[in-house]
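Visitor: Next comes the sequence, and after it the predicted model I'd like to discuss.
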Protein chains: 2
Amino acid sequence: MDPQPGVADALPDAPPSSALVDDEAYRAGVIDLFGVLAYTELVAFERLAADASLAPTISDEAALALMATAEIRHFTRLVERIAELGGDPTVAMEPFVEPLTEFHEKTAPGDWLESLVKAYVGDGIATDFYREVSRVLDPDSRELVLEVCGDTGHANFAVATVRAAIDADPRIGGRLALWGRRLVGEAMSQAQRVAAERDGLASLIVGDADHRGMGLAELGSMFSRLTEAHTRRMQTLGLQA
Amino acid sequence: MDPQPGVADALPDAPPSSALVDDEAYRAGVIDLFGVLAYTELVAFERLAADASLAPTISDEAALALMATAEIRHFTRLVERIAELGGDPTVAMEPFVEPLTEFHEKTAPGDWLESLVKAYVGDGIATDFYREVSRVLDPDSRELVLEVCGDTGHANFAVATVRAAIDADPRIGGRLALWGRRLVGEAMSQAQRVAAERDGLASLIVGDADHRGMGLAELGSMFSRLTEAHTRRMQTLGLQA
């Protein structure tokens, strides 16, 4: 009997090779992954740019606008890669428009601080998730995921601003902690929906008969790590997760 | 008696020289001009990026988001130039936050087509105005104004989309024509407010005892040209000005 897969052996023995992209099912899964990632970046750009207008000072406003442009560079890189893999970027993004739009509609920030918490906490979870997933990808795809998940400088900005606001008025902390929990709840419910509707993407991540993914046990470990990282981020903001 | 200044002789006999920037009043006027121009670009970026989310298709949405990023490059160039001239970019932009915010609040587009008309008609008038004004500037400043007023590709996109929508449903034209007139009215009322409040900027453009601007007669001609160009743009969209 095979040993129960654990954290250590659930991942591929050797890093996934470049030959993977010759497999049609694998390629379709990767195109799906880049589709959701690209649309995530596009919408993040729109939201961040719009949030800039909520900033209380011109220098905050300018800082946020400049950070937003990093997202659009990422978007462009992902769209190029989808085309390289033989996919149509628009078709690849289409299935994710509704869940992402719904997520953003249900979590429209009421003010400047909520927009910062959303950007920091939301980007944090998304980035952690895509980094985890990158381990099942061929080298070129993995490199691209790590590149677009790079720091845009937004995190430090959000942390400093939110902490200063809580220092100035500690009551703000309670409201923002609730807000953080709501964001995670909505993100989880949309992620479940995507996982249920996009078989190819789910198989890419978890693995199936044809190729090795991270496996169900490792998937569970991944969710624990995502949750822990989220809790740390909330603490960094001075909030209870 | 000097001849009545006309279109031909109202402009400086020779292009304004680089030595102008040594004059303190001139420099303050130019910093004011770059302040309003920079804040215009920053807000245009935020609005354009937010409008992208109104787009009916993902490819339109992506196109608009990419065009928005051109504005932020312009913004960065202007902020650098303000600093080069010894100004504080934040201080330079501050006086224009209220009029520009008020303009955008009073002209929030109700839908995708209104947002395109606003971007095309509004950008068009602003660009024409800044190009006209660039003639009273020293060479470096003039070059920068012409650079940031360069085409971002947004115009062609707006024209094609609006015309197609009117072809599909001609009744749309009446509503958008009214919208275009409202945009110009609001823009004019905010421009008058700025001119009344910012003496240095008004003197830079019109001229005063210390340096030659375009003169009042030429200012009148300029407004005629701006109006004509606006009418042509409305016609290009298939709308009555």
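Guide: Perfect, I can see it now.
Visitor: need the residues of chain A near chain B, please.
Guide: Proximity of chain A to chain B, by Cβ under 8 Å from any Cβ of the partner chain, involves residues A:39, A:42-43, A:45-46, A:48-50, A:52-53, A:57-59, A:61-62, A:65-66, A:68-69, A:72, A:75-76, A:79, A:89-90, A:93-94, A:97. Bear in mind the C-beta positions are built from the backbone N, C-alpha and C, glycine included.
Visitor: 6 Å - rerun?
Guide: Contacts of chain A with chain B, taken as Cβ under 6 Å from any Cβ of the partner chain, map to A:42, A:45-46, A:49-50, A:52-53, A:58-59, A:65, A:69, A:72, A:90, A:93.
Visitor: Any buried residues in the longest helix seen in chain A, and which?
Guide: If you go by DSSP state H, chain A has its longest helix at helix A:24-52. For helix A:24-52, the neighbour count (16 or more other Cβ atoms under 10 Å in any protein chain shown) marks A:26-52 as buried.
Visitor: Check stretch A:186-196 too.
Guide: For stretch A:186-196, a neighbour-count test (16+ other Cβ under 10 Å) marks A:E186, A:A187, A:Q190, A:A191, A:V194 as buried.
Visitor: For stretch A:165-181, give me every contacting residue.
Guide: Contacts with stretch A:165-181, where a contact means Cβ atoms under 6 Å, 6 or more residues apart in numbering or on different chains, come from A:L113, A:E114, A:V117, A:V121, A:M234, A:G238, A:L239, A:Q240.
Visitor: for these, which one is nearest B:V206?
Guide: Closest to B:V206 out of the contacts of stretch A:165-181 is A:L113 (44.0 Å), distances taken as Cβ to Cβ.
Visitor: Against B:L239, how distant is the residue in chain A positioned nearest to chain B?
Guide: Closest approach between chain A and chain B, counting by Cβ to the nearest Cβ: A:A49, at 3.2 Å. Separation of A:A49 from B:L239 (Cβ to Cβ, to the nearest Å) stands at 28 Å.
Visitor: ok now stretch A:198-216, how far from the chain's centre?
Guide: 19 Å (Cα atoms, centre = their mean, to the nearest Å).
Visitor: what's the first-to-last distance across it?
Guide: Stretch A:198-216 has an end-to-end distance of 17 Å (criterion: Cα to Cα, to the nearest Å).
Visitor: Any buried residues in that stretch, and which?
Guide: Using 16+ other Cβ under 10 Å as the test for burial, stretch A:198-216 gives A:198, A:200-207, A:211, A:213-215.
Visitor: Stretch A:75-86 too?
Guide: Residues of stretch A:75-86 classed as buried: A:F75, A:T76, A:R77, A:L78, A:V79, A:R81, A:I82, A:L85 (neighbour count, 16+ other Cβ under 10 Å).
Visitor: mind listing the helices for chain A?
Guide: With helices called from DSSP H, chain A shows them at A:24-52, A:58-84, A:89-93, A:97-106, A:112-133, A:139-148, A:154-168, A:172-197, A:199-206, A:215-236.
Visitor: the inter-axis angle of the last one versus helix A:112-133?
Guide: Here the directions of helix A:215-236 and helix A:112-133 differ by 150 degrees (axes from the mean of the first three to the mean of the last three Cα atoms, to 10 degrees).
Visitor: now the fourth one
Guide: With the same axes, to 10 degrees defining the directions, helix A:97-106 sits at 150 degrees from helix A:112-133.
Visitor: how far does helix A:97-106 sit from the chain's center?
Guide: Worked out by Cα atoms, centre = their mean, helix A:97-106 lies 14 Å from the chain centre.
Visitor: swap in the fifth one?
Guide: Per Cα atoms, centre = their mean, the displacement of helix A:112-133 from the mean C-alpha position of its chain is 7 Å.
Visitor: Then the third one?
Guide: Centroid separation between helix A:89-93 and its chain, computed with Cα atoms, centre = their mean, is 18 Å.
Visitor: what's the answer for the first one, then?
Guide: Computed by Cα atoms, centre = their mean, the chain-centroid distance of helix A:24-52 equals 9 Å.
Visitor: Grab the most central residue of chain A for me.
Guide: Nearest residue to the geometric centre of chain A (Cα atoms, centre = their mean): A:A126, 1.7 Å.
Visitor: For that one, which non-adjacent residue is spatially closest?
Guide: A:T40 (6.2 Å; Cβ to Cβ, 6 or more residues apart in numbering or on different chains).
Visitor: Sketch out the low-pLDDT regions of chain A for me.
Guide: By pLDDT under 70, the weakly predicted segments of chain A are A:1-15, A:152.
Visitor: residues in contact with A:L237?
Guide: A:L237 touches A:V162, counting by Cβ under 6 Å, 6+ apart.
Visitor: still on that earlier bit, I figured the residue of chain A closest to chain B hits B:E46, correct?
Guide: Yes: because the distance of 5.1 Å satisfies Cβ atoms under 6 Å, A:A49 is recorded as touching B:E46.
Visitor: Quick check: end-to-end length of stretch A:84-96?
Guide: 20 Å.
Visitor: So for that stretch, what gets flagged as buried?
Guide: Buried-residue list, stretch A:84-96, by 16+ other Cβ under 10 Å: A:L85, A:G87, A:P89, A:T90, A:A92, A:M93, A:P95, A:F96.
Visitor: Dump the residues you listed into TSV; add distance to B:G150 as well.
Guide: Putting the buried residues of stretch A:84-96 into TSV (distance: Cβ to Cβ, whole Å) gives the following:
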residue	distance to B:G150
A:L85	34
A:G87	33
A:P89	27
A:T90	28
A:A92	32
A:M93	30
A:P95	37
A:F96	34
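Visitor: Which one of these is nearest to B:S224?
Guide: Closest to B:S224, out of all of the buried residues of stretch A:84-96 and judged by Cβ to Cβ, is A:T90, at 44.3 Å.
Visitor: tell me the contacts of that closest one?
Guide: Going by Cβ under 6 Å, 6+ apart, A:T90 touches B:I58, B:S59.
Visitor: got the angle for the longest helix of chain A vs helix B:58-84?
Guide: Per the same axes, to 10 degrees, the angle that helix A:24-52 makes with helix B:58-84 is 50 degrees.
Visitor: Does anything pack onto helix A:24-52? Which helices or strands?
Guide: Secondary-structure packing of helix A:24-52 (3 or more Cβ pairs under 6 Å, 6 or more residues apart in numbering or on different chains; DSSP states H and E): helix A:58-84, helix A:89-93, helix A:199-206, helix B:24-52.
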